[in-house]
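[1] Sequence plus the predicted model coming up.
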Amino acid sequence: MDDRSQALMQEARAKAKASLPEFMSRRTFAIISHPDAGKTTLTEKLLHSSGAVQLAGQVKARGERRRTRSDWMQIEQQRGISVTSSVMTFEYQGLTFNLLDTPGHSDFSEDTYRTLTAVDAAIMVIDAAKGIEQQTLKLFEICRLRNIPIMTFVNKVDREGRDTLEILDEIAATLALDVAPATWPVGMGVDFKGIIDLADGGITGSDGKVSGKKLPGPNDPARLEAPFDSPEFSASLEALELAEAMLPKFDLDAFLEGHMTPVFFGSALKSVGVVDLLNAIAKWAPPPGKQPADPEPIDPARDEVTGFVFKVQANMDPKHRDRIAFVRLCSGTFKRGMKLTNVKRQKDITVSAPMLFFARERETADEAFPGDIVGIPNHGTLSVGDTLTEGSKFQVTGIPDFAPEIIQRVRLTDPMKSKQLAKALGDLSEEGVTQVFRPLLGADWIVGVVGALQLDVLSSRVSQEYGVPIRFESFGCNAARWITGPADQIKLFTDRNRAELAEDGAGMLVYLAKDMWWMQRAEKDFPGLKFLATRERT
Ligand SMILES: Nc1nc2c(ncn2[C@@H]2O[C@H](COP(=O)(O)OP(=O)(O)OP(=O)(O)O)[C@@H](O)[C@H]2O)c(=O)[nH]1
Ligand SMILES: [Mg+2]
């Protein structure tokens, strides 16, 4: 898009906005993929391209550039991976973008799943050399369950990648999704020459700069006189013509219904193709929709303020030992100082210091709208899954806990610190970094995690943030299930298995079995009980 049409578009948006409810200008989306595909890099480049880095620039001037990175935890910076999702709010083309960068590693997928409950769209990043990887597939399935529309960004075209048509084919076949390329790469790896915008033929060079040249239309003889003076161009054009003949045209409704994904190619690292993606989000990503809830979905146009907690993060600011609940607003106009009810606990809270985020930086939010993510500082009154309203009884649904697969006993190196340990484990379990169990017998602290890396994060954070060095040892159990059922059966089961029973943070009974064989045996012996692998946070 040239400057003039961009200005016209902005003007049109401003006019439209004046007559539309505020939430219609919100675009709330997550970036998902297999580890290392480039989510965090792309997040930073999207911010850059939107102009939001003026903020980063200021921070840089203060010599604290790292604080605006979405990977801000010490363990994230040391290992170069994301271990927790991060929220960034910024303006672009008269719209407010709420962008959530998620961790790719499967050990942190619970955090990613919960984040997906709070967004209206997702960007799926694919490594051009690797195609659809296992974790991408898993996350995609979650998006499909929730009918979240997806845009695809094929990243790292500056490196030797797979053939363009082959990648498109793989996305379509593996995900059973229609693909509609929106941009097209010319060459890959050392031969990468640039990107063609298929909407208007505009060409971006491999340096990320708009070249000013255009690819002439299919019937124009000038099309073959390459705007690129390179042998890669004719091969790329041939593939493009095949794609145009074979693939459907982009269809907004099909995209919004989750049947079609527009595909962008580029290099987040070299800032190529990122603006095309940003413009497409502005143009196509949906405004906030209805939030699944009991007794009925919450309409964003409702007057009453409602929202739900999808994430809790302790100690984002180590100086202040804070604990922040991340709330996605579902309806109404939220105002600072408002009194809201935590429906589950039937407790009122006055939200006097709500905040908006830019990674770890924050500012006070005086007002916020559906689609926005506000942080509410609290001391344990808000946990993941809680719904906030002005009085009605909505309960947002679909926010699960997953049964842990690794169960360990926590050992203190310094026995004097048991009180701090209790605090640390309490905080971090509410955050969802771990699940904590108290056995019915004995005074041990038992933790459960879905993946081994979570244990590293747990011990690093307990020692960093609470000054309590810990180690883990085997508890002899490798399977956990929540138990529900009639009281007499629960009592019978408890009498027989007391040594292997524990309560979780919410007081629910959990059976910690030696292994799945014992678990299945218990299920057979007690057909009246339910042994649950997930538990809804209600
Ligand atoms: N060559 C090349 N490297 C890239 C590109 N984008 C990202 N990388 C590199 O790939 C590595 C992983 O990038 P990240 O952005 O941290 O990946 P991520 O998807 O956020 O990783 P997790 O959050 O840990 O799942 C880093 O070394 C990046 O510099 C790209 O376009 N080209
Ligand atoms: Mg990352």
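    Okay, I see it. Ligands and ions are numbered 1, 2, ... in the order given.
[2] what residue ranges in the stretch 401-538 of the chain are flagged as low confidence?
    Counting by pLDDT under 70, the stretch 401-538 of the chain shows low-confidence ranges at 537-538.
[3] quick one: what helix or strand has the residue of it found nearest ligand 1 in it?
    Proximity of the stretch 401-538 of the chain to ligand 1 (CB to the nearest ligand atom) peaks at residue 453, 10.3 Å away. C-betas here are computed from N, CA, C, even on glycine. Here residue 453, judged by DSSP states H and E, is contained in helix 452-466.
[4] rewinding a little: let me see the contact set for the residue of the stretch 401-538 of the chain closest to ligand 1.
    Residue 453 is in contact with 83, 105, 107-108, counting by CB atoms under 8 Å, 6 or more residues apart in numbering.
[5] again, 10 Å this time
    Residue 453 makes contact with 75, 79, 81, 83, 103, 105-108 under the criterion CB atoms under 10 Å, 6 or more residues apart in numbering.
[6] among those residues, which two are most distant?
    Spatial extent of the contacts of residue 453 (CB to CB) is set by the pair 75 and 106 at 16.8 Å.
[7] one step back: of the contacts of residue 453, which belong to helices?
    Using DSSP state H, 75, 79 are the members of the contacts of residue 453 that sit in helices.
[8] Quickly name whichever of the contacts of residue 453 is closest to residue 252.
    For the contacts of residue 453, the nearest to residue 252 is residue 103 (30.5 Å; CB to CB).
[9] and the closest one, how many residues sit next to it?
    26 (other CB atoms under 10 Å).
[10] what separates it from residue 217, distance-wise?
    Taking CB to CB, to the nearest Å as the measure, residue 103 and residue 217 are separated by 43 Å.
[11] quick one, what contacts the one residue in the stretch 151-300 of the chain that gets nearest to ligand 2?
    Residue nearest to ligand 2 within the stretch 151-300 of the chain (CB to the ion): residue 268, separated by 10.8 Å. Residues in contact with residue 268 (CB under 10 Å, 6+ apart) are 37-46, 125, 153, 155-156, 158, 274, 277.
[12] Just the pLDDT for it.
    In this model, residue 268 is scored at 94, pLDDT.
[13] Quick one: the helices in the stretch 1-150 of the chain, in order.
    Under the criterion DSSP state H, counting those that start in this stretch, the stretch 1-150 of the chain contains helices at 3-19, 39-50, 53-61, 74-79, 109-116, 134-145.
[14] do the same with the stretch 351-500 of the chain
    418-431, 452-466, 487-497.
[15] picking that back up, for residue 400, see how far away the residue of the stretch 401-538 of the chain closest to ligand 1 is.
    In terms of CB to CB, residue 453 sits 20 Å off from residue 400.
[16] now residue 192
    42 Å.
[17] Between the two, which is the more surrounded one?
    Neighbours per residue, other CB under 10 Å: of residue 192 and residue 400, the larger number sits with residue 192, 24 against 17.
[18] What is the neighbour count of the residue nearest to residue 440 when sequence neighbours are not counted?
    Spatially, and ignoring its direct neighbours in sequence, residue 440 is nearest to residue 501 (4.8 Å; CB to CB, 6 or more residues apart in numbering). Residue 501 is flanked by 19 other residues according to other CB under 10 Å.
[19] Next, the contact list for residue 501, please.
    437, 439-441, 483, 490, 493-494, 509-512.
[20] Rebuild these as JSON lines, extending it with neighbour count and distance to residue 394.
    Below are the contacts of residue 501 laid out as JSON lines (neighbours: other CB atoms under 10 Å; distance: CB to CB, whole Å):
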{"residue": "437", "neighbour count": "26", "distance to residue 394": "30"}
{"residue": "439", "neighbour count": "20", "distance to residue 394": "36"}
{"residue": "440", "neighbour count": "15", "distance to residue 394": "35"}
{"residue": "441", "neighbour count": "11", "distance to residue 394": "40"}
{"residue": "483", "neighbour count": "20", "distance to residue 394": "28"}
{"residue": "490", "neighbour count": "17", "distance to residue 394": "30"}
{"residue": "493", "neighbour count": "20", "distance to residue 394": "34"}
{"residue": "494", "neighbour count": "14", "distance to residue 394": "34"}
{"residue": "509", "neighbour count": "18", "distance to residue 394": "28"}
{"residue": "510", "neighbour count": "26", "distance to residue 394": "28"}
{"residue": "511", "neighbour count": "24", "distance to residue 394": "32"}
{"residue": "512", "neighbour count": "24", "distance to residue 394": "34"}
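[21] Can you lay out these as a markdown table showing distance to residue 141?
    Below are the contacts of residue 501 laid out as a markdown table (distance: CB to CB, whole Å):
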| residue | distance to residue 141 |
| --- | --- |
| 437 | 29 |
| 439 | 35 |
| 440 | 37 |
| 441 | 40 |
| 483 | 28 |
| 490 | 34 |
| 493 | 34 |
| 494 | 36 |
| 509 | 30 |
| 510 | 27 |
| 511 | 28 |
| 512 | 29 |
